[in-house]
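Asker: Got a sequence here, can you model it:
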Amino acid sequence: MKKLKIGFLMPYSGIYPYYGHHMMAGLQLGMQPGGIHKNRAIGTLDCDFVPVFTKRGDPTTLKNAMEQLLFFERVDLLSGLVSYRTMPELIPLINKQQRLAIFFDLGEHIPHRDVISPYVFYASQQIWQSEYVLGAWAQEKFRNPGLVVMPLYESGYQLHSSFWEGIQSAGGQALHIHTLAREKSDHQVLDLATFFDAIAKEKPAFVHGIFTGNQGVDFIRQWIQSPHYNKIPLVLVENMAYEDILDDVLDTNVTFYTASSWSREDENPENQKFVRKFESSSGQKANIFALLGYEAGLFMREIHAAVLKGDTMQAIEWLHRESIKGPRGFRNFDPLNIRPLDSVDILQIRVHNKSIRKLIVGQAGGGLMSAERRETITAQSVSGWQNPFLCV
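Answerer: Modelled structure (predicted):
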């Protein structure tokens, strides 16, 4: 049987250098009813990936990579990690070639009208939804205004805006925001002096940190050494509670709150099936990138035959109409009909004596804010950041 040929766009990520491999492994795993054994698929479906390195994910590099995949490699389907900021320049090529695309994103931006194409679908973590839920919870929990702190890079996305919209949805009317200046000598240096001054001035009810990679670890360590440690509640963005970050602060004693849209430990049957299949086939712990790939694989299993025979419209109609039940509940990839996450947990995480304790202290349906709120965020975000979140 002919294999599905998938072109895979892969920007650079110094934070998670193997994210693409995990996505592709998860995707192929989702396509296979029987799983994968010794790197070979069990079952009747199979695919070949044609990965292309796309630097930091800028539109010119992406367009060149897509032309290579479409005209030289003759792929059946486009995929890979992209930023919504690049899509207005890529969609005309996709539309002209009428080639189906299922792209990945982490949900750092909210889908808007400029990213819509009948041929393009998005497999998203939707962190903007968990930030919206976290903001609403923080308002209900602490009542008084908090303070968001983030570096310049993170300020270029819509996570803090989603958090603010969540606060407003729960009746909040104020939020302090502090963006850290970039050190000219070393962009990795995290100077929190002005942030600590802002705390003394604003006296926030809580602090919400939005950081990525090593800067997230550095922030937690500096927070512990500050006079505000254990005096002001700490609320962190979802990716700061990933296992790699927590492993790097195991020697500390810190307690914080976060939102979780997916957990490896979630005991629902679909999630445990995914975790079991991925970890037995790869020998690695399941992570968010493998999960996103797996969800996409469940969809590709359903449209596999239509794509192979060139019936793109049949595949498109199915993707617009149907949802699949995966590890995070029911999902769809249609940006015109965004489905809320079935559940977002609010966690209290305590790192103490080299152990990690997670306690669910709140739970809500997905943060599917109104179309008006989404439009407000999109209109207010003027950043030119084109690289996908975590691709630094």
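
Asker: And the one helix or strand Lys5 maps to, what does it pack against?
Answerer: For Lys5, the enclosing helix or strand under DSSP states H and E is strand 4-10. Packing contacts for strand 4-10, counted by 3 or more C-beta pairs under 8 Å, 6 or more residues apart in numbering; DSSP states H and E, involve helix 19-31, strand 47-53, helix 59-67, strand 77-81, helix 288-308. The way it works is simple: take the backbone N, C-alpha and C, and place the C-beta from them, glycine included.

Asker: Using TSV, lay out those together with distance to Gln158, mean pLDDT and mean neighbour count.
Answerer: Output for these, formatted as TSV (distance: least, C-beta to C-beta, whole Å; pLDDT from 0 to 100; neighbours: other C-beta atoms under 10 Å):
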stretch	distance to Gln158	mean pLDDT	mean neighbour count
helix 19-31	20	95	24
strand 47-53	27	95	16
helix 59-67	19	97	18
strand 77-81	17	98	26
helix 288-308	18	96	23
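
Asker: so which of the ones you listed comes closest to Tyr242?
Answerer: Nearest to Tyr242, of all these, is helix 288-308, at 7.2 Å by C-beta to C-beta.

Asker: May I see the buried residues of the helix or strand following the closest one?
Answerer: Going down the chain from helix 288-308, the next helix or strand is helix 312-321, by DSSP H and E. Neighbour counts over helix 312-321 (16 or more other C-beta atoms under 10 Å) mark Thr312, Ala315, Ile316, Leu319 as buried.

Asker: From what I see, the second one and Met300 are in contact.
Answerer: No: taking C-beta atoms under 8 Å as the definition, Ala315 is not a contact partner of Met300, at 9.2 Å.

Asker: Between those two, which contacts overlap?
Answerer: Listed as contacting both Ala315 and Met300 by C-beta atoms under 8 Å, 6 or more residues apart in numbering are Val307.

Asker: most centrally placed residue in this protein?
Answerer: Among the residues of the chain, the one closest to the centroid is Leu106, at 2.1 Å (C-alpha atoms, centre = their mean).

Asker: hang on, it packs against Ser130?
Answerer: No: using C-beta under 8 Å, Leu106 is not in contact with Ser130, being 10.8 Å away.

Asker: Please name the bridge partners of Lys358.
Answerer: Here Lys358 sits in beta bridges with Ile349, going by DSSP bridges.

Asker: Who are the contact partners of it?
Answerer: Glu265, Leu347, Gln348, Ile349.

Asker: So for these, which is the shakiest by pLDDT?
Answerer: For the contacts of Lys358, the weakest pLDDT value sits at Glu265, with 92.

Asker: can you put the helices and strands packed on strand 4-10 in a markdown table and add distance to Ala170?
Answerer: Listed next are those as a markdown table, based on distance: least, C-beta to C-beta, whole Å:
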| stretch | distance to Ala170 |
| --- | --- |
| helix 19-31 | 33 |
| strand 47-53 | 43 |
| helix 59-67 | 37 |
| strand 77-81 | 32 |
| helix 288-308 | 26 |
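
Asker: right, so of these, which gets closest to Gly384?
Answerer: Short answer: helix 59-67, nearest of those by C-beta to C-beta, at 11.1 Å.

Asker: picking up where we left off before, nearest to Phe163 among the buried residues of helix 312-321?
Answerer: The closest of the buried residues of helix 312-321 to Phe163 turns out to be Leu319 (C-beta to C-beta; 30.1 Å).

Asker: Mind listing residues that contact stretch 156-167?
Answerer: With C-beta under 8 Å, 6+ apart as the criterion, stretch 156-167 contacts 108-110, 127-129, 131-139, 146, 148, 150, 154, 175, 177, 208, 210, 237, 367, 369, 373, 376-378, 380-381, 383-385, 389.

Asker: Restricted to buried residues, select those residues in ChimeraX.
Answerer: Buried residues among the contacts of stretch 156-167 (16+ other C-beta under 10 Å), as a ChimeraX selection:
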select :108,109,110,127,128,129,131,132,133,134,135,136,137,138,139,146,148,150,154,175,177,208,210,237,367,369,373,376,377,378,381,385,389
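
Asker: picking that back up, can you give the strand pairings for the strand holding Lys5, parallel or anti for each?
Answerer: Strand 4-10 has the following strand partners under DSSP bridges: strand 47-53 (parallel), strand 77-81 (parallel).

Asker: Could you tell me how far the last one lies from the centre of the chain?
Answerer: Strand 77-81 has its average C-alpha position 16 Å from the chain's average C-alpha position, going by C-alpha atoms, centre = their mean, to the nearest Å.
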